[in-house]
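> Any chance you could fold what I've pasted below:
(chains A and B)
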Amino acid sequence: MDSKYTSMGIENGAKTNGVKRKNGVEHIKVKKIKLANEGTVAHNIKVETNGHNNNNVHENKIVNEKPQDLQEARRQLPVYMVRNRLLEEIKKHDTMILIGETGSGKTTQIPQLIHEQRLEGAGAIAVTQPRRVAAITIALRVAAEMNTEIGSIVGYSVRFEDVTSPRTKVKYMTDGMLLREAILDPLLKKYSIVVLDEAHERTVSTDVLFGIVKLAQKERNEKKLNPLKVIVMSATMDVDSFKKYFNNCPVIYLEGRTYPVTIYHSKMKQEDYQYAAVCTIFQLHATAPANHDFLVFLTGQEEIETVMYNIKQIAKEATGPPIRVCPLYAGLPPAKQLQVWRDAPPGTRKIILATNIAEASVTIPRIQCVIDTGVVKERTWSGGTGAERLSVRATSQAACWQRAGRAGRTQAGAAYRLYTAADFRARPMHQTPEILRCPLASTMLLLIAAGVEPSTFPLIDTPPPDSVKASLSLLKELGAIDSEVNPKLTVIGKKMSTFPIEPKYSKVLLCAPEYNCLDEALSLIAVLSSENVFHTPMHKREEAIKMKQKFLSPLGDHITLLNVFKAFSKAPLKKQWCKENYLNHKNLTYACEVRQQLLAICLKLNMTVTSCGQAYDQVLKCLLCGLFTNCAWQRGGAGGARAAGRYVTAAGAAAALHPASALQALRPPPPALLYSELLVTGRSYMLTVSAIQPQWLQQVAPEYARRCRANR
DNA sequence: GAGCACTGC
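Numbering: from 1, shown residues only, chains lettered A, B, ... in the order given. Sure thing, here's the model as predicted:
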């Protein structure tokens, strides 16, 4: 296999000329390395979760399994073998770390074992997950294993859906959900045991929960309340830093059950990973049995579409079985995602081109071969300008192992890394935790609402001081806190913290009654809190743009979005309507759910829902109440022909109107703008933009306007 | 005149 793989590039050289890349032909040379030789084992493959987007499929699957089969399966799990020792440790220690390889059964079994012994006493067991699908499917599985109905002893709680009752003792929930509960009850008094699962993923919510449970444990001890037990569970983890953070608590290792994965590294540095990926695919395709499916990790939609096109072109002349190519990324409509799970006809090879959605969120069975480009798209944030940046970066070693492990789920497999072994070793062990690279305003507001002083809150990794400062200063500007030092919530800040959205957006909602436009503000903020509602497939771009025209407002993208949402709400056959109009049905449906939730909170706060009708100026002024820090002015003042389309933000950064903006066609370009997002790709672009009257800022935020003028 | 990875409340 080794020698064939290295020489195949030469044999197929002529055929790979079809690859649409600028570089010349370059042959990939790989070195065969056994995982065992590296002193490492295949890493965490989740057996508990089925990332399938259609929950019903999983639900039925669970119901169909017989209780005795479920019990037999339980007894086969590695964690079951060591259950007595494990329970002893849990009884003995307030806090412990559990490192469990994939297939150990820790997520499904440990809460059950605890409950069987009634270790939770009068309280309940909370088990957190970073993803809602995981929380739901695991809860269903455990309920079936315990032969109870979901929502009774075993339940789950995720946004928009709470399937628990006062009797619930084992509660699976998203980490964000437990964090929301912590605002109302920072001591988490309902729970006697909190299990933080998938801790290695280091989501902002998990990181904050680490501190919350630590403080709750301490205070409950001091107040002589019932003690809180904490179990941190993870696949692979930076054990030393975790152990140190949790006061040298014990660490227990659980064995996993996975199949061996052979790792091959590229012998030479690959200048163009897309090209290298296509070459590798066809080198392997010529010799691998037809029933071996490939999983290729790429960075995004556009890249996946390009590589897919190339594969289809080359496949026409390549030797080997017929090929079926399946793209897989989060933005793909659910129906199109489904074909990834459908078996290819006998004698056909399935090649899945995926983003890192296939790394942990979604599990594809029967992958024998992983091709890892070793790159990922990562979002970072600069507190100074408020701009976000999306850049392609090398993955961490942990992510490399995670990707490789996807080949060893159902049998032994192989992983082809398109980077050298030296490159691999030079990579950081773990990805930068999210909390170090994202905006912190909502996290800060949540902490302050939970009665915590941000500067003393024990976080396992300290965010950059600039980020903290920028976030607190924004909260002060919005009037949510009284001071940046030792901050306390204001009356409005307290209200803001009850909304599960960005503080900027909750401020908009709270200002809306004043402008008579809460009806419109709810819809707009719901859409802005969701993902892009426009669907633009590469090959039907023209048509998609044409359909967008009928929603366009000369006032800008915000009113355009409002038009889309209103039309969607009125449409009787929503799915069909979305398809015809090139709109994303999933994201618009999500926006509707968000709107309902926000409306319920507004009504609880005794706010009056009224509509401003066609007086959209009111909506934009109201929007400015929360987004006044997101203003930009035309460079060199209005009217300068050369300055057209070039703006400078309130933070003093140069920025341009995004070409997809509704304002792009407007002549002359508006002198002042309000944007929702600032994204740096090649240049700095303002996304989702509306035109405003410069004097509005003066009316809405006079003090801020004064400072802006001084800085300009 | 450019293209947004992935989660979550």
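
> and the stretch 351-500 of chain A, which residues reach DNA strand B?
Within the stretch 351-500 of chain A, the positions near DNA strand B by C-beta under 7 Å from any atom of the strand are A:T355, A:N356, A:I357, A:S361, A:V362, A:V376, A:K377, A:E378, A:R379, A:L390, A:S442, A:P500. Where C-beta positions appear, they are placed from N, C-alpha and C, glycine not excepted.

> so where's chain A shaky on pLDDT?
Within chain A, the stretches with pLDDT under 70 are A:1-64, A:237, A:637-645, A:711-712.

> 50 instead, please
Residues of chain A that meet the criterion pLDDT under 50 lie in A:1-63, A:640.

> on that earlier part again, buried members of the residues of the stretch 351-500 of chain A next to DNA strand B into PyMOL, please.
Selection of buried members from those for PyMOL, criterion 16 or more other C-beta atoms under 10 Å:
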select buried, chain A and resi 355+356+357+361+362+376+378+442+500
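
> Restricted to strands, list the residues of the stretch 351-500 of chain A next to DNA strand B.
Among these, the ones falling in strands (DSSP state E) are A:V376, A:K377, A:E378, A:R379, A:L390.

> I'd say A:Q109 and A:V82 touch.
No - judged on C-beta atoms under 8 Å, A:Q109 makes no contact with A:V82 at a distance of 10.4 Å.

> Among the two, which residue is more densely surrounded?
The neighbour comparison of A:Q109 against A:V82 (other C-beta atoms under 10 Å) goes to A:Q109, with 22 against 15.

> quick one: which of the residues of the stretch 351-500 of chain A next to DNA strand B is nearest to A:S205?
Nearest to A:S205 among those is A:S442, at 10.8 Å by C-beta to C-beta.

> dump the residue contacts of the closest one.
A:I501, A:E502, A:P503 (C-beta atoms under 8 Å, 6 or more residues apart in numbering).

> ok, and the most crowded of these?
Of the contacts of A:S442, with other C-beta under 10 Å as the count, A:P503 tops at 25 neighbours.

> Tell me who's in contact with that one.
Contact analysis of A:P503 by C-beta under 8 Å, 6+ apart lists A:A441, A:S442, A:L445, A:L474, A:L475, A:L478, A:A480, A:M496, A:G626.

> circling back to that earlier point, next, format the contacts of A:S442 as TSV and append distance to DNA strand B.
Converted to TSV, the contacts of A:S442 look like this (distance: C-beta to the nearest atom of the strand, whole Å):
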residue	distance to DNA strand B
A:I501	5
A:E502	7
A:P503	10
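
> Tell me which other helices or strands the host helix or strand of A:H558 touches.
Using DSSP states H and E, A:H558 falls within helix A:557-570. Here helix A:557-570 touches helix A:518-528, helix A:574-580, helix A:585-604, helix A:616-627, strand A:672-680, strand A:684-691, going by 3 or more C-beta pairs under 8 Å, 6 or more residues apart in numbering; DSSP states H and E.

> List the buried residues of the longest one.
Neighbour-count burial for helix A:585-604, counted by 16+ other C-beta under 10 Å, picks out A:585-588, A:590-592, A:594-595, A:597-599, A:601-602.

> Tabulate those (JSON lines), appending distance to A:K218.
Shown next, in JSON lines, are the buried residues of helix A:585-604 (distance: C-beta to C-beta, whole Å):
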{"residue": "A:H585", "distance to A:K218": "47"}
{"residue": "A:K586", "distance to A:K218": "43"}
{"residue": "A:N587", "distance to A:K218": "42"}
{"residue": "A:L588", "distance to A:K218": "45"}
{"residue": "A:Y590", "distance to A:K218": "38"}
{"residue": "A:A591", "distance to A:K218": "41"}
{"residue": "A:C592", "distance to A:K218": "42"}
{"residue": "A:V594", "distance to A:K218": "36"}
{"residue": "A:R595", "distance to A:K218": "40"}
{"residue": "A:Q597", "distance to A:K218": "33"}
{"residue": "A:L598", "distance to A:K218": "35"}
{"residue": "A:L599", "distance to A:K218": "38"}
{"residue": "A:I601", "distance to A:K218": "31"}
{"residue": "A:C602", "distance to A:K218": "36"}
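
> was I right about A:F457 contacting A:G211?
Yes - at 5.3 Å, A:F457 and A:G211 qualify as touching, with contact defined as C-beta under 8 Å.

> what does stretch A:575-587 contact?
By C-beta under 8 Å, 6+ apart, the surrounding residues in contact with stretch A:575-587 are A:331, A:333-334, A:530-537, A:540, A:543-544, A:547-548, A:564, A:567-568, A:571, A:574, A:588.

> which among those residues are in contact with DNA strand B?
Near DNA strand B, by the rule C-beta under 7 Å from any atom of the strand, you find A:G331, A:E531, A:N532, A:T536 out of those.

> Nearest residue to the first one in space, please, no chain neighbours.
Read it as A:G331. Excluding the flanking residues, the one nearest A:G331 by C-beta to C-beta, 6 or more residues apart in numbering is A:Q301, at 5.9 Å.

> Next: the last one.
Counting by C-beta to C-beta, 6+ apart, A:A544 is the residue found nearest to A:T536 once chain neighbours are left out, at 4.7 Å.

> Tell me who's in contact with that neighbour.
Counted by C-beta under 8 Å, 6+ apart, A:A544 has contacts A:F534, A:H535, A:T536, A:P537, A:Y582.

> For the second one, which residues are in contact?
For A:H535, the contacting residues are A:P333, A:A544, A:C578, A:Y582, A:L583, A:N584, taking C-beta under 8 Å, 6+ apart as the criterion.

> do that again at 7 Å, thanks
Neighbour list for A:H535: A:A544, A:Y582, A:L583, A:N584 [criterion: C-beta atoms under 7 Å, 6 or more residues apart in numbering].

> about what we covered before: go through the contacts of A:S442 and say which is closest to A:S396.
A:S396 lies nearest to A:E502 out of the contacts of A:S442, by C-beta to C-beta, at 27.9 Å.

> so how many other residues sit close to A:L620?
Using other C-beta under 10 Å, A:L620 has 22 other residues around it.

> ok, it touching A:S690?
Yes - under the criterion of C-beta atoms under 7 Å, A:L620 makes contact with A:S690 at 5.5 Å.

> Residues that sit against both of the two, list them.
Each of A:L555, A:H558, A:L674 lies in contact with both A:L620 and A:S690 under the rule C-beta under 7 Å, 6+ apart.

> interface residues of the stretch 51-200 of chain A facing DNA strand B?
Contacts of the stretch 51-200 of chain A with DNA strand B, taken as C-beta under 7 Å from any atom of the strand, map to A:P130, A:R131, A:R132, A:V133, A:V158, A:R159, A:T174, A:G176, A:M177, A:R180.

> Distance from the chain centre to stretch A:499-517, please.
Using C-alpha atoms, centre = their mean, to the nearest Å, the distance from the centre of stretch A:499-517 to the centre of the chain it belongs to is 25 Å.

> Could you list the buried residues of that stretch?
By 16+ other C-beta under 10 Å, the buried positions in stretch A:499-517 come out as A:499-513, A:515-517.

> now stretch A:611-627
Of all the residues in stretch A:611-627, those buried under the rule 16+ other C-beta under 10 Å are A:C612, A:Y616, A:Q618, A:V619, A:L620, A:K621, A:C622, A:L623, A:L624, A:C625, A:G626, A:L627.
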